[in-house]
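Asks: generate coordinates for the sequence data below:
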Amino acid sequence: MAKYIGKRLLYMILSLWMIVSATFFFMRIAPGNPFASEKKLPPEIEANLNAHFGLDKPWYAQYWEYLVRIVNWDFGPSFKYKSQTVNDLINEGFPVSFLLGMEAIFIAVALGVLLGIIAALKHNRWPDYTAMIIAVLGISVPSFIMASFLQYFLAIKMGIFPVARWESFMHTILPALALASTPMAFIARLTRSSMLEVLANDYIKTAKSKGLSSGVITIKHTIRNALLPVVTYMGPLTAGILTGSFVIERIFGIPGLGAHFVTSINNRDYTVIMGVTVFYSILLLVSILLVDIAYGIIDPRIKLAGGKKGE
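Replies: Reported below is the predicted structural model:
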């Protein structure tokens, strides 16, 4: 386990360096500059701003300084948010985005697994067809369309939930549902197909022949093995939830990190764009590592070092 984690950490550091480098150079070749606006600044003021933020230095000097700041967990100052650093914006917005993301992941996993289990146990019957229709709708409808749909019917027409803002638990339900709709559909389809495959195995037939109840077979033998693909999907799910929250936060007026990121793109606030990209990349790499470890714990037949299943 320790050897595997150490090896993965080295790969994570290499991947993070590549992401940091790509982000830095993409920002350099992007058209415009952080101080471009409708009203053009006098050359003297723009030169002073470039000198203040170190943008007048050679690219290799800026690149090295940025790498050193990343190692020291310092993403630099914001070009547009006065008297605030990128770290301040992350500390302010990420807790909100994290709560929204965790709620969406819980809804996606809970409802997705439940729909998948029902569909598999009631295969080729109306519960199966109903669950798969819901799954197809969830995959087909983008989260921002789902957000508008939920706002119109559940908030404006029925008045059950608030339309927007982030003030109470009731304000979190609609954005979490909109964010969870697509991954919930994927999880439902994954669980259904995996459950059907497990139910067709010989050891399930043996358990039935021994007189075990369907509940015991489902809980103790079927669900655990059927959830392995769902655990594998948790890494991409985390990435999708985090990046998808950018648009959802904007639609619902949520003061999360996604709102800062979208605003920074419109304002060409390069340090915020780079800092948030690197921050989310670290979260994604860590989540993938945790998923790999959890995969080995759930199914001990899988060796973390890369051995074949069943060795």
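
Asks: for residue 14, grab the count of nearby residues.
Replies: 10 (other Cβ atoms under 10 Å). For the C-beta atoms, the positions are set from N, CA and C on the backbone; glycine is no exception.

Asks: same check, this time on residue 277
Replies: 19.

Asks: now do the same contact list for it.
Replies: Neighbouring residues of residue 277 by Cβ atoms under 8 Å, 6 or more residues apart in numbering: 19, 23.

Asks: need phi/psi at it.
Replies: phi -60, psi -50 (degrees, to the nearest 10).

Asks: next one: residue 85
Replies: phi -100, psi 170.

Asks: how much space is there between it and residue 138?
Replies: Distance, residue 85 to residue 138, using Cβ to Cβ, to the nearest Å: 39 Å.

Asks: go on, residue 111?
Replies: Residue 111 is 9 Å from residue 138, by Cβ to Cβ.

Asks: who has more neighbours, these two?
Replies: residue 138 (24 against 20).

Asks: got the buried residues for the host helix or strand of that one?
Replies: According to DSSP states H and E, residue 138 maps onto helix 126-140. Buried residues in helix 126-140, counted by 16 or more other Cβ atoms under 10 Å: 128, 131, 132, 134, 135, 138, 139.

Asks: tell me the one among those nearest to residue 221.
Replies: Taking Cβ to Cβ as the measure, residue 221 lies nearest residue 128 of the buried residues of helix 126-140, at 20.6 Å.

Asks: and the gap between that closest one and residue 107?
Replies: 21 Å.

Asks: show me what contacts residue 259?
Replies: 93, 246, 249, 250.

Asks: can I assume the third one is in contact with residue 100?
Replies: Yes: the pair residue 249 and residue 100 qualifies as a contact (Cβ atoms under 8 Å) at a distance of 7.2 Å.

Asks: now for the two: what residues contact both?
Replies: 175, 256.

Asks: for the helix or strand harbouring residue 95, buried residues please.
Replies: Using DSSP H and E, residue 95 sits in helix 86-121. Going by neighbour count (16+ other Cβ under 10 Å), the buried part of helix 86-121 is 86-87, 89-90, 93-94, 96-97, 100-101, 103-105, 107-109, 111-113, 115-121.

Asks: check stretch 210-224 too.
Replies: Going by neighbour count (16+ other Cβ under 10 Å), the buried part of stretch 210-224 is 217, 218, 221, 222, 223.

Asks: stretch 71-84 now?
Replies: Buried residues in stretch 71-84 (16+ other Cβ under 10 Å): 75, 76, 77, 78, 79, 80, 81.

Asks: what are the contacting residues of that stretch?
Replies: With Cβ under 8 Å, 6+ apart as the criterion, stretch 71-84 contacts 34-35, 53, 66, 69, 85-90, 263-264, 267-272, 274-275, 278-279.

Asks: please list only the buried members of these.
Replies: Buried among the contacts of stretch 71-84 (16+ other Cβ under 10 Å): 34-35, 53, 66, 85-87, 89-90, 264, 267-272, 274-275, 278-279.

Asks: filter those residues down to just the ones in strands.
Replies: With strands taken from DSSP state E, there is no overlap with the buried ones among the contacts of stretch 71-84.

Asks: could you pull out the helices for the stretch 101-250 of the chain?
Replies: With helices called from DSSP state H, counting those that start in this stretch, the stretch 101-250 of the chain shows them at 126-140, 143-150, 169-199, 202-209, 214-216, 223-226, 228-252.

Asks: deepest-packed of the ones you listed, please.
Replies: helix 169-199 (a mean of 22; mean count of other Cβ atoms under 10 Å).

Asks: that helix: how far from the chain's middle?
Replies: 14 Å (Cα atoms, centre = their mean, to the nearest Å).

Asks: next, the angle helix 202-209 makes with that helix.
Replies: 90 degrees (axes from the mean of the first three to the mean of the last three Cα atoms, to 10 degrees).

Asks: and the angle for helix 169-199 with helix 143-150?
Replies: Relative orientation of helix 169-199 versus helix 143-150 (the same axes, to 10 degrees): 120 degrees.

Asks: helices and strands around helix 169-199, which ones?
Replies: Judged by 3 or more Cβ pairs under 8 Å, 6 or more residues apart in numbering; DSSP states H and E, helix 169-199 is in contact with helix 86-121, helix 126-140, helix 143-150, helix 223-226, helix 228-252.
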